[in-house]
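# Quick check, what structure comes out for this input:
(one chain, ligands or ions: 2)
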Amino acid sequence: MSLTGPSPITLATLRQAPKAVLHDHLDGGLRPATILELAAACGYDKLPAQDPESLRKWFSESANSGSLVRYLETFDHTVAVMQTPEGLHRVAYECVEDFADDGVVYAEVRFAPEQHLEAGLTLDEVVQHTLDGFAAGEKAVAATGRRIRVVCLLTAMRHAARSREIAELAVRFRDAGVVGFDIAGAEAGYPPSRHLDAFEYLSANTMRFTIHAGEAFGLPSIHEAVAFCGADRLGHGVRIIDDIEVADDGDATLGRVANYVRDQRIPLEMCPTSNLQTGAVASLAEHPFGQLARLRFRVTVNTDNRLMGDTTMSNEMLALVETFGYGWSDLERFTINAMKSSFIHFPERLDLIDNLIKPGYAVLIG
Ligand SMILES: O=c1[nH]cnc2c1ncn2[C@@H]1O[C@H](CO)[C@@H](O)[C@H]1O
Ligand SMILES: [Zn+2]
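Ligands and ions are numbered 1, 2, ... in the order given. Predicted structure coming up:
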């Protein structure tokens, strides 16, 4: 029996809840003030605004275009200031701090090393400076008495032709903080099967991977990702809803791909705010998250790009609570879903679930 009852769900209490994020882009999460300072330091003079607040507004407004391709254009400015050892280290370090301040206890953060070679760094150097930044961030957070684990996924850009090379890079850094691989970028016209070579290499090396699929393009992309490529998780995957028919009484009929994804417990990395911005869904009320959670797909809550979405994990959770009426036990379930789906080793997952996540929600549930 509880003496206090459940805490109300507000942004403040959500920030205290232990959270896990599987889908967050490093180059989509910079602090506006940091962008300005790094731009000044490296001589990048194409920023669209000159003070932090205007820049914050510029990113969220420009990303809110209803088109993935235009959303992605905003990354030119963040990637531009992440070309040096200092830039990469600082952005990674601050990412850890920002997650910890929001009560995130586990994060898988991704970025595309091939986009960070303009100042002459090698792929290996790019990854090493970033991992050093994460490690320094973890240490700084630990020194304040909090605990966070941040690991890295390496992304290959789906329109480019370096995925095999990036897969090899990921495997090279597998014991140093890289736990998986991803492909991202404009989806239409660039099906995941273009990168079969990379996925086969990863599978042969027992390294796991996720694929952005079913975001700006439909069900065929999801089908390819899970059936041809063997994706361990799906980035977004919202269009899986096209393979589900829901009758007026709520009864659902699933097609073959939807059944496969649910049966195999393939995790869906859902990013509500990002989906609104890119036009993948028209409104939160219509976001497939609600139906998919109800139908017991393995849904997880994610930020995608904190800068472009002007968002945090707490914010994404609050939006879902306000839209679908979720309570603490639902949020705990989504968080445990994320930990079960994470790419770190099993004992470490269990440790975070048993020693941080369950006790944290027990306090909030009251
Ligand atoms: O939601 C998304 N869908 C597809 N690609 C994305 C999304 N968010 C970011 N990126 C792309 O991933 C790269 C590496 O982090 C970013 O530079 C951006 O081009
Ligand atoms: Zn993404």
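# where do the helices sit along the stretch 201-350 of the chain?
Shown for the stretch 201-350 of the chain, the helices assigned by DSSP state H, counting those that start in this stretch span residues 219-223, 256-263, 272-278, 289-294, 306-309, 313-324, 328-341, 346-352.
# okay, these in TSV with mean neighbour count, distance to residue 206 and mean pLDDT next?
For glycine as for every other residue, the C-beta is placed from the backbone atoms N, C-alpha and C. Putting the helices of the stretch 201-350 of the chain into TSV (neighbours: other Cβ atoms under 10 Å; distance: least, Cβ to Cβ, whole Å; pLDDT from 0 to 100) gives the following:
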stretch	mean neighbour count	distance to residue 206	mean pLDDT
helix 219-223	22	24	96
helix 256-263	17	22	98
helix 272-278	24	30	97
helix 289-294	20	29	98
helix 306-309	26	31	98
helix 313-324	19	29	98
helix 328-341	20	17	98
helix 346-352	15	14	98
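# Of all the ones you listed, which one comes closest to residue 190?
Between residue 190 and the helices of the stretch 201-350 of the chain, the shortest separation by Cβ to Cβ is 9.3 Å, and it involves helix 219-223.
# To ligand 1, which of the helices of the stretch 201-350 of the chain lies closest?
Distances from ligand 1 to each of the helices of the stretch 201-350 of the chain were compared using Cβ to the nearest ligand atom; the minimum, 5.3 Å, belongs to helix 272-278.
# And the residue in the stretch 151-300 of the chain that ligand 1 sits nearest to, what's its pLDDT?
Using Cβ to the nearest ligand atom, residue 184 is the residue of the stretch 151-300 of the chain that sits closest to ligand 1, at 3.5 Å. For residue 184, the pLDDT comes out at 97.
# That one is in contact with residue 160, isn't it?
No: using Cβ atoms under 8 Å, residue 184 is not in contact with residue 160; the gap is 10.7 Å.
# what number of residues lie near the residue of the stretch 151-300 of the chain closest to ligand 1?
The number of residues packed near residue 184 is 23, by other Cβ atoms under 10 Å.
# SS state for residue 121?
Following DSSP: H, G, I helix; E, B strand; the rest coil, residue 121 is assigned to coil.
# Could you report the neighbour count for it?
19.
# which residues does it contact?
Contact analysis of residue 121 by Cβ atoms under 8 Å, 6 or more residues apart in numbering lists 83, 84, 85, 129.
# Narrow those to those in helices?
Mapping those onto helices (DSSP state H) picks out 85, 129.
# wait, which of the contacts of residue 121 is closest to ligand 1?
Ranking these by separation from ligand 1, with Cβ to the nearest ligand atom as the measure, puts residue 83 on top at 12.9 Å.
# any idea which helix or strand carries residue 155?
strand 149-157 (DSSP states H and E).
# Can you show me the CA trace of that strand as PDB?
Once non-C-alpha atoms are left out, strand 149-157 reads as follows in PDB (Å, rounded to 0.1, in the frame of the first residue of the first chain):
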ATOM      1  CA  ARG A 149      25.600   5.600 -19.500                       C
ATOM      2  CA  VAL A 150      26.100   6.900 -23.000                       C
ATOM      3  CA  VAL A 151      27.100   4.800 -26.000                       C
ATOM      4  CA  CYS A 152      27.400   5.400 -29.700                       C
ATOM      5  CA  LEU A 153      25.900   4.200 -32.900                       C
ATOM      6  CA  LEU A 154      27.600   4.900 -36.200                       C
ATOM      7  CA  THR A 155      25.400   6.100 -39.000                       C
ATOM      8  CA  ALA A 156      26.100   5.800 -42.700                       C
ATOM      9  CA  MET A 157      24.200   8.200 -45.000                       C
END
